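Participant: curious how this folds, go ahead:
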Amino acid sequence: AGFGGELRRWLLTGVSYMIPFVAAGGLLIALGFLLGGYEIVSEAPGDPAGRALNTLIVQDFSLTNLPDGGLLQYLGAVLSSLGQLAFGLLVPALAGYIAYAMADRPGIAPGFVAGLVAGATGAGFIGGLVGGLLAGAVALAISRIPVPQWGRGLMPVVVIPLFATLITGFVMFAVLARPLAAVTTGLASFLNGLSGGSAVLLGIVLGLMMAFDMGGPLNKTAYAFAAAGLGAATATDTAPLTIMAAVMAAGMVPPLALALATVVRRKLFTAPERENGKAAWLLGAAFITEGAIPFAAADPLRVIPSIMLGSATTGAIVMATGVQLRAPHGGIFVFFAIDGVVAFVLAILAGMVVSAVAVIVAKSLGRSKADLVAA
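Facilitator: Here you go, the predicted structure:
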């Protein structure tokens, strides 16, 4: 494979290993909100140390010494704290497994450290990407240095992790951290300033990315971008929550739209596609965009543009209405974590109708009445 193909493999490996941390952490935080309220992660009133309420509760209370809010507040604090800890591993896992894809096991330690440096310096998701690539490159370069036979056993467990971590960490701290942090801060400020047409445009772009390859690199890039920002959302910075809502809603549209199309115009689809359509209802409802892949694989030129159109519509509506989502996955099963659930559902329904109509029209064009009857 060429460099482009290898780069894609490295990045997708990192994102794939990162997603379980995102899903577990995000859903735990959302459950914490459900039990303890959204204020569970706010600063605890009257605490001289300025701790968040969930931090104060898990440090100062227990099951035998419950806080004033009772058992539900305590459980909400525990779950949200667990989720925050899992989210804290998001960028290190991304960087660590990018480096792992490049240099195998010797790349894991320097990659994770690069991710920790990115988090500590404010470089965030972008810093994790750059740090992972740097750590993997350094570890791979050291592994190719010829050494005597007696030293080869030490290379993967001592020499490569030590020197790759040293070099990568130094370069991240001394050279890359501030510029990457500035880029991350600038991007966050840009997103916070989006309103009106510019926010709608971002929703359209995210929707197109989610539908284009249905779980492939573009889809994962949009999802990782949204999920990485979710942990940085605050009471005054809710743009990441709206972006997460746009990404999830747009990703639910393709399977749901194709399931709808198989019901409305059964004769346009083969028997296996109609069976896939039954499963696509649940897959789409659970935010599994891959449920649309069988349809796209069988007829990509008609299906892919159609579902992109619907997902872009949904993404635009969600961004325009300011829907907020505090969970990174789950579809209809995390409705409790959505502010503006009615607008969220209407946006999905609008995208479903647009995509379903588009795919029905596309499949009908150029086909005779006899073909449609035969189908």
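Participant: domain map for the protein?
Facilitator: Under the TED database, the residue ranges defining each domain of the chain are 3-193, 196-374.
Participant: avg pLDDT for the longest one?
Facilitator: Right, the one you point to is domain 3-193. Taken as a whole, domain 3-193 carries a mean pLDDT of 88.
Participant: rewinding a little: return the most buried member of the domains of the chain.
Facilitator: Of all the domains of the chain, domain 196-374 has the most neighbours on average by mean count of other C-beta atoms under 10 Å, namely a mean of 21. Using the backbone N, CA and C atoms, a C-beta is placed for each residue, glycine as well.
Participant: centre of the chain versus that domain, how much separation?
Facilitator: Offset of domain 196-374 from its chain centre (C-alpha atoms, centre = their mean, to the nearest Å): 15 Å.
Participant: what's stretch 111-127 in contact with?
Facilitator: 88, 91-100, 128, 130-132, 134-136, 139, 165, 168-169, 172-173, 176-178, 180-181, 183-185, 187, 224-225, 228-229, 232 (C-beta atoms under 8 Å, 6 or more residues apart in numbering).
Participant: tell me which entries of the residues you listed lie within helices.
Facilitator: Judged by DSSP state H, helices contain the following of the contacts of stretch 111-127: 88, 91-100, 128, 130-132, 134-136, 139, 165, 168-169, 177-178, 180-181, 183-185, 187, 224-225, 228-229.
Participant: what residues are up against F173?
Facilitator: Counting by C-beta under 8 Å, 6+ apart, F173 has contacts V117, T121.
Participant: okay, it and L166: tell me how far apart.
Facilitator: Per C-beta to C-beta, to the nearest Å, F173 is found 11 Å from L166.
Participant: go on, F125?
Facilitator: Separation of F125 from L166 (C-beta to C-beta): 24 Å.
Participant: what's the answer for A118, then?
Facilitator: Computed as C-beta to C-beta, the A118 to L166 distance reads 17 Å.
Participant: got it, and P240?
Facilitator: 34 Å.
Participant: quick one, helices of the stretch 201-350 of the chain?
Facilitator: Under the criterion DSSP state H, counting those that start in this stretch, the stretch 201-350 of the chain contains helices at 217-230, 239-264, 271-285, 293-298, 300-321, 341-364.
Participant: need those helices in JSON lines with mean pLDDT and distance to L66, can you?
Facilitator: Listed next are those as JSON lines, based on pLDDT from 0 to 100; distance: least, C-beta to C-beta, whole Å:
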{"stretch": "helix 217-230", "mean pLDDT": "77", "distance to L66": "29"}
{"stretch": "helix 239-264", "mean pLDDT": "91", "distance to L66": "30"}
{"stretch": "helix 271-285", "mean pLDDT": "88", "distance to L66": "36"}
{"stretch": "helix 293-298", "mean pLDDT": "85", "distance to L66": "48"}
{"stretch": "helix 300-321", "mean pLDDT": "93", "distance to L66": "38"}
{"stretch": "helix 341-364", "mean pLDDT": "94", "distance to L66": "31"}
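Participant: got TSV for these, with distance to G32 too?
Facilitator: Formatted as TSV, the helices of the stretch 201-350 of the chain follow (distance: least, C-beta to C-beta, whole Å):
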stretch	distance to G32
helix 217-230	14
helix 239-264	15
helix 271-285	24
helix 293-298	34
helix 300-321	24
helix 341-364	19
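Participant: can you tell me which of these comes nearest to E39?
Facilitator: With C-beta to C-beta as the measure, helix 239-264 is the member of those nearest E39 (15.5 Å).
Participant: what is the closest one packed up against?
Facilitator: For helix 239-264, the elements it packs on are helix 177-192, helix 197-212, helix 217-230, helix 271-285, helix 300-321, strand 324-325, helix 341-364, judged by 3 or more C-beta pairs under 8 Å, 6 or more residues apart in numbering; DSSP states H and E.
Participant: so what angle separates the directions of that helix and helix 177-192?
Facilitator: 60 degrees (axes from the mean of the first three to the mean of the last three C-alpha atoms, to 10 degrees).
Participant: shouldn't A226 be in contact with A249?
Facilitator: No: using C-beta atoms under 8 Å, A226 is not in contact with A249; the gap is 11.0 Å.
Participant: thought M352 was touching V263?
Facilitator: No: using C-beta under 8 Å, M352 is not in contact with V263, being 11.2 Å away.
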